[in-house]
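Asks: This is a predicted model, with the sequence first.
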Amino acid sequence: MKPSLRFITCVCMLTVLQTGPVAGFSGVETFSGIEAEIDICTQLIDDKPDEAPYYVRRGEAYFKLHKFDEAVEDYTLAIKLDSTLD
């Protein structure tokens, strides 16, 4: 099955968000950057709902925003999909 353009775009955007500090930037995560990461992960999950790493990544973003219930929900789903994450 060929990946959709939306899926490829989301993966590229998530990769950019994960690259870390860039020259001229402090590397400090912003609220809007974390929210963007949640949005991208959500799009990836919509396209491939059986991929545990997307739930883990979104859970980490929720955790950073102190949205602990949402983080726990995503971590739980990730473990159900991939029991080696436990």
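Replies: Structure received.
Asks: And the strands in this protein?
Replies: In the chain, no strands are defined using DSSP state E.
Asks: Remind me what the longest helix seen in the chain packs against, helices and strands.
Replies: Criterion DSSP state H: the longest helix present in the chain is helix 31-47. For helix 31-47, the elements it packs on are helix 5-18, helix 52-64, judged by 3 or more Cβ pairs under 8 Å, 6 or more residues apart in numbering; DSSP states H and E. (C-beta placed from N, C-alpha, C; glycine too.)
Asks: Tell me which residues of the shortest one come out buried.
Replies: Of the residues in helix 52-64, those buried by neighbour count under the rule 16 or more other Cβ atoms under 10 Å are 52, 54-63.
Asks: Could you write out the alpha-carbon coordinates of stretch 29-45 in CSV?
Replies: Once non-C-alpha atoms are left out, stretch 29-45 reads as follows in CSV (Å, rounded to 0.1, in the frame of the first residue of the first chain):
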residue,chain,number,x,y,z
GLU,A,29,10.1,24.0,23.4
THR,A,30,7.2,26.4,23.0
PHE,A,31,3.6,25.8,23.8
SER,A,32,2.6,26.3,20.2
GLY,A,33,5.4,23.9,19.1
ILE,A,34,4.1,21.2,21.5
GLU,A,35,0.5,21.8,20.3
ALA,A,36,1.7,21.4,16.7
GLU,A,37,3.4,18.1,17.6
ILE,A,38,0.1,16.9,19.1
ASP,A,39,-1.7,17.9,15.9
ILE,A,40,0.8,16.1,13.7
CYS,A,41,0.7,13.0,15.8
THR,A,42,-3.1,13.0,15.7
GLN,A,43,-3.0,13.2,11.9
LEU,A,44,-0.5,10.3,11.8
ILE,A,45,-2.7,8.3,14.2
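Asks: What's the mean pLDDT across it?
Replies: Per-residue pLDDT over stretch 29-45 has a mean of 90.
Asks: can you check stretch 62-79 too?
Replies: Mean predicted confidence for stretch 62-79 is 94.
Asks: quick one: contacts of that stretch?
Replies: Applying Cβ atoms under 8 Å, 6 or more residues apart in numbering, the contact partners of stretch 62-79 are 29, 31, 34-35, 38, 52-53, 55-56, 58-60, 85-86.
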